[in-house]
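Asker: Here you go, sequence then predicted model.
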2 protein chains.
Amino acid sequence: MGQQDEDMPSMRSSDGSATRSVRSDAKRNTDALLEAAMEVFATRGVDAPVREIAQKAGVGIGTVYRHFPQRADLIAAVFRREVDACADAAAALSASYGPADALAAWLLRYTDFIAAKRGLAPALHSGDPAYVSLHSYFKEKLLPVLRGLLDAAIEAGEVRDDIESMELLSAVANLCISAGKADGAVARRMVSLVVDGLRYGATDKS
Amino acid sequence: MGQQDEDMPSMRSSDGSATRSVRSDAKRNTDALLEAAMEVFATRGVDAPVREIAQKAGVGIGTVYRHFPQRADLIAAVFRREVDACADAAAALSASYGPADALAAWLLRYTDFIAAKRGLAPALHSGDPAYVSLHSYFKEKLLPVLRGLLDAAIEAGEVRDDIESMELLSAVANLCISAGKADGAVARRMVSLVVDGLRYGATDKS
DNA sequence: TATTATACGGAACAATGTTCCGTTTTGTCA
DNA sequence: TGACAAAACGGAACATTGTTCCGTATAATA
């Protein structure tokens, strides 16, 4: 679903048949849609009606569904970059802090990301089949990152070793659901509580 | 919203005007609805369509809305007893365990309740205005209970003192969202993590 | 039994996701 | 450049679901 072969006119696909380039209006519209969706999601949350996004982008509903077969695909496209950025943040944190602190810092970074998107967290774990693709993307990108941080902290004996990274990733996302008020301060506080819980286990047995 | 004056024919309201008793068919239908809703919620979650519940109860949609003006009122009615039972459980736990352990045990009891109801937790904190009454009921019943347990544990110096009980109540409910699989074992594990986080704070400063 | 407040049922309305298809636009090639 | 076909467009139309409305049926009372 990611980056298709943009622009270059007249390409040839691997089997030799002629392939037309992406039409200019198509590119223009997808861009407008992503822009509009980003704004709308930021203000009204990810549950905003598709029609509203289409209107803001100056585009028909049919066009939305041509580019994003399901609501969730649009959401995924909008957040893909931010997910990537969140994943990338781990490296810098690992370099600057000790294992457990890096883990804690990254979880808060992740928290801020999720908390800022009204409705994202509920959607992620709604179990709704429409959101599986979005969930997959999060998992695929962020799980390895968290696993790396967690393993390092465990290895260093700074946190307990009986928690699955997938469970932790889900749990933190879930904790962010109540965000929105107080700029996510509540979410941060709760996530910190969980992190301390991880540490508690370590002090208990190391 | 609670227990209306059931059965007794021909009562008189406080201002002296004659009042007819609750009609037998009305009572029969509300009972059938509650029964049907309980089953449907258990199998398909609280997001099940109202029509399905109405049909299962052998009743028209209009009748559902006559007795429960909003979806959430029906949900609230179905879960009221269980909420009450959960609240009542605190006393016994306080008598049997030390403050922190009682707190931990009650939170797990609460976890089991929420986790067993597919979709309840998301609904509780969706912010959806339709669910405010349900949320109010939970808050009204369970918040004082949790506050009592938490304060006792804080007083005993067994847990940290910088967490609001309301936040904790919400957080635990949110953590249960991912339940359903593995009979809520994941939810219990995550809640335990939070409880340990509470303890960590105490060991940190006491 | 007659009367009337109460309750019933379901058609109808509104909001929203999604599909379908006739029309328009764009890129290519003679 | 001009014609043609593939691709994209727009929005009407359909499906689902919460909620309202109101004409009809029923139970309680006199």
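Answerer: Thanks, I have the structure now. Numbers count the residues shown, from 1 in each chain, chains lettered A, B, ... in the order given.
Asker: And the contacts of stretch A:166-178?
Answerer: Contacts to stretch A:166-178, defined as CB atoms under 8 Å, 6 or more residues apart in numbering or on different chains, come from residues A:107, A:110-111, A:114-115, A:120-122, A:124-125, A:138-139, A:142-143, A:146, A:150, A:184, A:186-187, A:190-191, A:194, B:122, B:125, B:167, B:170-171, B:174-175, B:177-178, B:186, B:189-190, B:193. Any C-beta I mention is one placed from the backbone N, CA and C, and that applies to glycine too.
Asker: Give the buried residues for it.
Answerer: A:E167, A:L168, A:L169, A:S170, A:A171, A:V172, A:A173, A:N174, A:L175, A:C176, A:I177, A:S178 (16 or more other CB atoms under 10 Å in any protein chain shown).
Asker: Which ones among the residues you listed lie within helices?
Answerer: Among the buried residues of stretch A:166-178, the members found in helices (DSSP state H) are A:E167, A:L168, A:L169, A:S170, A:A171, A:V172, A:A173, A:N174, A:L175.
Asker: okay, those in JSON lines with distance to A:D25 next?
Answerer: Converted to JSON lines, those look like this (distance: CB to CB, whole Å):
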{"residue": "A:E167", "distance to A:D25": "45"}
{"residue": "A:L168", "distance to A:D25": "44"}
{"residue": "A:L169", "distance to A:D25": "39"}
{"residue": "A:S170", "distance to A:D25": "40"}
{"residue": "A:A171", "distance to A:D25": "44"}
{"residue": "A:V172", "distance to A:D25": "41"}
{"residue": "A:A173", "distance to A:D25": "37"}
{"residue": "A:N174", "distance to A:D25": "41"}
{"residue": "A:L175", "distance to A:D25": "43"}
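Asker: Looking at those residues, which is nearest DNA strand C?
Answerer: Set against DNA strand C, the nearest of these by CB to the nearest atom of the strand is A:A173 (20.8 Å).
Asker: The nearest residue to the closest one once chain neighbours are set aside and A:A87, how far apart?
Answerer: Among residues not flanking A:A173 along the chain, A:A121 sits closest, at 4.8 Å (CB to CB, 6 or more residues apart in numbering or on different chains). According to CB to CB, to the nearest Å, A:A121 stands 17 Å off from A:A87.
Asker: now do A:Y97
Answerer: 17 Å.
Asker: Looking at those two, which one has more neighbours?
Answerer: A:A87 (19 against 14; other CB atoms under 10 Å in any protein chain shown).
Asker: Which secondary structure element is home to the more buried one?
Answerer: A:A87 belongs to helix A:71-96 when elements are defined using DSSP states H and E.
Asker: Contact partners for the spatially most central residue of chain A?
Answerer: Here the mean C-alpha position of chain A is nearest to the C-alpha of A:V83 (CA atoms, centre = their mean), at a distance of 4.0 Å. By CB under 8 Å, 6+ apart, A:V83 lies in contact with A:F113, A:Y137, A:F138, A:K141, A:L142.
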